[in-house]
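S.K.: Here is the input, now give the coordinates:
(one chain, ligands or ions: 1)
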Amino acid sequence: MSMKQVLLTVLFLCQSAAFASAEPACAEARPASDLTAPELTGEETAEDADPTVTVEPAVLVSRRPALRPCKFRQFEAGRERMQARGAVCGDWTILGETRKPVAGKARGCGITNPVRVYKISDIALSQFSLMDCQTAVTLKTWIENTAKPAFADMGGGLKGMRIVGHYACKTQNNQPRSRISEHARGRAIDISTFVLKDGTQITVRDGWNNAQGAVLRKLHDGACGIFGTVLGPDADRYHVGHFHFDTARRKGAPVCR
Ligand SMILES: [Zn+2]
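M.R.: Predicted coordinates for the structure are as follows:
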């Protein structure tokens, strides 16, 4: 189907919807030529023309006010279809459910628009993981640009990941005097194990200083820069068994250790 056919179909569907609901909407969607101000005709010259008169028709024929309900309905319908399929964050490849705002028990905890995600770009997460959409989308970027390519020639490719941490109202590394963790804001995810299609499991703990060290470093390094913080086994004793990725909004350069 050509682009023109697609546009015609969309226009037709909108018109049908407008007739069905008897609402003024997509039927008024005019071709782009209607958007231009009418040209002066006949005896009329630019000097004769009252500027308010020449400007006004352009406003009157503007399709924006009429088009908005159609666009809005299309948007709503699209969102409903996505929800029905379990897609969240406006992305067909991020599957889960939207949740009510999470109010943390302590100051600084909580997520305004949380999602519980179980699959991203066909990669299964071992548990429903609560986070915000920016984190889910960043994770998707890393999965598609780094994780999937890194395992492309191993065990049939990446199938899933063991998630050992997502939202949690806690301090950094659970230390009493530490600052609030990015996990407490729904901006962090901890990954301990990568599961391949042939059943192979590659753990950060065992693989980092062994044969899988190279692929694990690829995963680690590929996350640097897109996430605000990336911590692995070389960071500290708290991360010998997992990668910590978060979308901390900090002013300085991203942290990558
Ligand atoms: Zn973490």
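S.K.: contacting residues around the host helix or strand of I163?
M.R.: When secondary structure is defined by DSSP states H and E, I163 falls within strand 158-165. The list of residues contacting strand 158-165 from outside it, by C-beta atoms under 8 Å, 6 or more residues apart in numbering, reads 123-127, 129, 143, 147-148, 150-151, 183, 188-197, 241-242, 244. In this view, the C-beta of every residue, glycine as well, is placed from N, C-alpha and C.
S.K.: Could I get the buried residue list for stretch 156-167?
M.R.: Applying a neighbour-count criterion of 16 or more other C-beta atoms under 10 Å, one finds 157-167 buried in stretch 156-167.
S.K.: Quick one: those as a markdown table, columns for pLDDT and distance to the ion too.
M.R.: Listed next are the buried residues of stretch 156-167 as a markdown table, based on pLDDT from 0 to 100; distance: C-beta to the ion, whole Å:
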| residue | pLDDT | distance to the ion |
| --- | --- | --- |
| G157 | 98 | 26 |
| L158 | 98 | 20 |
| K159 | 98 | 23 |
| G160 | 98 | 19 |
| M161 | 98 | 14 |
| R162 | 98 | 13 |
| I163 | 98 | 10 |
| V164 | 98 | 8 |
| G165 | 98 | 5 |
| H166 | 98 | 9 |
| Y167 | 97 | 11 |
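S.K.: any chance of the residues you listed in a markdown table, plus distance to F72?
M.R.: Listed next are the buried residues of stretch 156-167 as a markdown table, based on distance: C-beta to C-beta, whole Å:
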| residue | distance to F72 |
| --- | --- |
| G157 | 40 |
| L158 | 38 |
| K159 | 39 |
| G160 | 38 |
| M161 | 37 |
| R162 | 41 |
| I163 | 36 |
| V164 | 41 |
| G165 | 39 |
| H166 | 33 |
| Y167 | 32 |
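S.K.: three-state assignment of the residue in the stretch 101-250 of the chain that the ion sits nearest to?
M.R.: When C-beta to the ion is the measure, the stretch 101-250 of the chain has its nearest residue to the ion at H244, with 3.4 Å between them. Using DSSP: H, G, I helix; E, B strand; the rest coil, the three-state assignment for H244 comes out as strand.
S.K.: Which parts of the chain are strands?
M.R.: If DSSP state E is used as the criterion, the strands of the chain fall at 87-88, 91-98, 102-103, 110-111, 114-120, 123-132, 158-165, 188-196, 201-203, 229-231, 243-246, 255-256.
S.K.: Determine which stretch of these is the most buried.
M.R.: strand 243-246 (a mean of 25; mean count of other C-beta atoms under 10 Å).
S.K.: list the contacts for P233?
M.R.: 204-205, 208-209, 239-241.
S.K.: Quick one: end-to-end length of stretch 118-127, please.
M.R.: Counting by C-alpha to C-alpha, to the nearest Å, the length from the leading to the trailing residue of stretch 118-127 is 6 Å.
S.K.: quick one: contacts of that stretch?
M.R.: Under the criterion C-beta under 8 Å, 6+ apart, external residues in contact with stretch 118-127 comprise 93-96, 117, 128-129, 136, 139-140, 143-144, 147-148, 158-163, 166, 193, 195.
S.K.: can you do 6 Å?
M.R.: By C-beta atoms under 6 Å, 6 or more residues apart in numbering, the list of residues contacting stretch 118-127 from outside reads 93-96, 128, 139-140, 143-144, 158, 160-163.
S.K.: One more: stretch 234-243?
M.R.: Applying C-beta under 6 Å, 6+ apart, the set of residues contacting stretch 234-243 from outside is 164, 173, 190-192, 204-205, 231-233, 257.
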